[in-house]
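In: Got a predicted model here, sequence first, then my questions.
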Amino acid sequence: MRLEGKVAIITGAGQGIGKTYARRFLAEGAKVAIVDIDAERGKTAVAELEELGEVTFVAADVASEESTEDCVRQVVERFGQVDVLLNNAGLYYDMDYGDQSYDYLKRVFDINCHGAWLMSRAATPHLVERGGGSIINVSSTGAYLYVKNPPAEFSGISSYAYAWSKWGIVGLTKMSAGELGRWNIRVNCIAPGVTVSDATKKQVPEDRIAAITAMSAMKRTLTPEDLTGTAVFFASEDSALVTGQVLVVDAGVVMPG
Ligand SMILES: NC(=O)c1ccc[n+]([C@@H]2O[C@H](COP(=O)([O-])OP(=O)(O)OC[C@H]3O[C@@H](n4cnc5c(N)ncnc54)[C@H](O)[C@@H]3O)[C@@H](O)[C@H]2O)c1
């Protein structure tokens, strides 16, 4: 019960990895607000998880200023406080590899980057009120692979705009950590490798996943459950003086220096 007494907002938790974070946070004693743009997914997730603890659904578009402010207000109304914000929502299930339009680039950045900033801005006054808290952003090893020369196994596993936006999240993490540290708010980032979620099953061919597993130091394929321990670490007092850090969780494919 490492998160007992904490209230966590998890965006994009209607399905996939976000829902898995929510399940683990509830098991660790947190009260959880599942935030998603898709109300059906969100309500189904709450019905699935409510036997584990106090969990609620708030429909919100993280790319909307009004929606993010309203979302945090609803969470505070329901639970009275916010201690942890996990910015997991991303445009991934519906990722389009071929769309090179400016409108698409803006949409990807609005959700993946600006969404995390908007949610952080809305939550910050409540974290300050609590005397501190933890913001956790979600990047991807896709970001790191495009910094180096990607091996053939990685070509086409993420779109240009997606990978760039996930690199943007690294910058946001470091800038926010610098700005918010004075209020005892820590900002860290998980960079998962290819993880077998419904979105990955849709986006990444099975043989590509197998090739990545073969390249990994540990010869392991990641499941959403494999990421939850890192999220709990960043959310809990175990990482009390850790801020501005990106932790790659990928069984040893990408090893940033
Ligand atoms: N699965 C992987 O291999 C992998 C690897 C690295 C990083 N990630 C990242 O982890 C996160 C979760 O991945 P997943 O596989 O569960 O993806 P997913 O696409 O299944 O889940 C994303 C969730 O975010 C929600 N969402 C989308 N736009 C939103 C918006 N504007 N406002 C609120 N909610 C919105 C979706 O409805 C969905 O429930 C994403 O940020 C993804 O980029 C995933």
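Out: Yes, it's here. Quick caveat: nothing in here was measured; it's all calculated off a predicted structure.

In: Please identify the buried residues of the helix or strand harbouring residue 229?
Out: Applying DSSP states H and E as the criterion places residue 229 in helix 225-235. Using 16 or more other Cβ atoms under 10 Å as the test for burial, helix 225-235 gives 226, 227, 228, 230, 231, 232, 233, 234, 235. Every residue, glycine included, has its C-beta placed from N, CA and C.

In: Kindly report the same for stretch 194-210.
Out: Here stretch 194-210 shows 194, 195, 196, 197, 199, 200, 203, 204, 208, 209 as buried, counting by 16+ other Cβ under 10 Å.

In: One more: stretch 1-9?
Out: By neighbour count with 16+ other Cβ under 10 Å, stretch 1-9 contains the buried residues 3, 6, 7, 8, 9.

In: Save these as CSV, and put in pLDDT too.
Out: As requested, the buried residues of stretch 1-9 are exported to CSV (pLDDT from 0 to 100):
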residue, pLDDT
3, 98
6, 98
7, 99
8, 99
9, 99
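
In: Nearest to the ligand, out of the residues you listed: which one, please.
Out: Closest to the ligand out of the buried residues of stretch 1-9 is residue 9 (11.3 Å), distances taken as Cβ to the nearest ligand atom.

In: the helices in the stretch 151-257 of the chain, which residues?
Out: Counting by DSSP state H, counting those that start in this stretch, the stretch 151-257 of the chain has helices at residues 160-180, 198-203, 206-215, 225-235.

In: Average pLDDT for the second one, rounded please.
Out: Per-residue pLDDT over helix 198-203 has a mean of 92.

In: what residues does that helix touch?
Out: 15, 16, 92, 93, 95, 157, 194, 209 (Cβ atoms under 8 Å, 6 or more residues apart in numbering).

In: that older thread, considering the buried residues of helix 225-235, which is situated nearest to the ligand?
Out: Checking the buried residues of helix 225-235 against the ligand by Cβ to the nearest ligand atom gives residue 227 as the nearest, at 8.2 Å.

In: Quick check: the gap between the closest one and residue 89.
Out: 15 Å (Cβ to Cβ, to the nearest Å).

In: swap in residue 126?
Out: 19 Å.

In: Settle it for me: which of these two has more neighbours?
Out: The neighbour comparison of residue 126 against residue 89 (other Cβ atoms under 10 Å) goes to residue 89, with 25 against 20.

In: helix or strand for that one, which one?
Out: Applying DSSP H and E, one finds residue 89 in no helix or strand.

In: Quick one: residues contacting it.
Out: 11, 12, 18, 35, 36, 37, 62, 111, 115, 116.

In: Next up, the contacts around the second one.
Out: Same thing as residue 12. Residue 12 neighbours (Cβ under 8 Å, 6+ apart): 18, 35, 36, 62, 88, 89, 90.

In: Likewise for the first one?
Out: Under the criterion of Cβ under 8 Å, 6+ apart, the contact list for residue 11 reads 18, 35, 36, 60, 62, 85, 86, 87, 88, 89, 115, 119.
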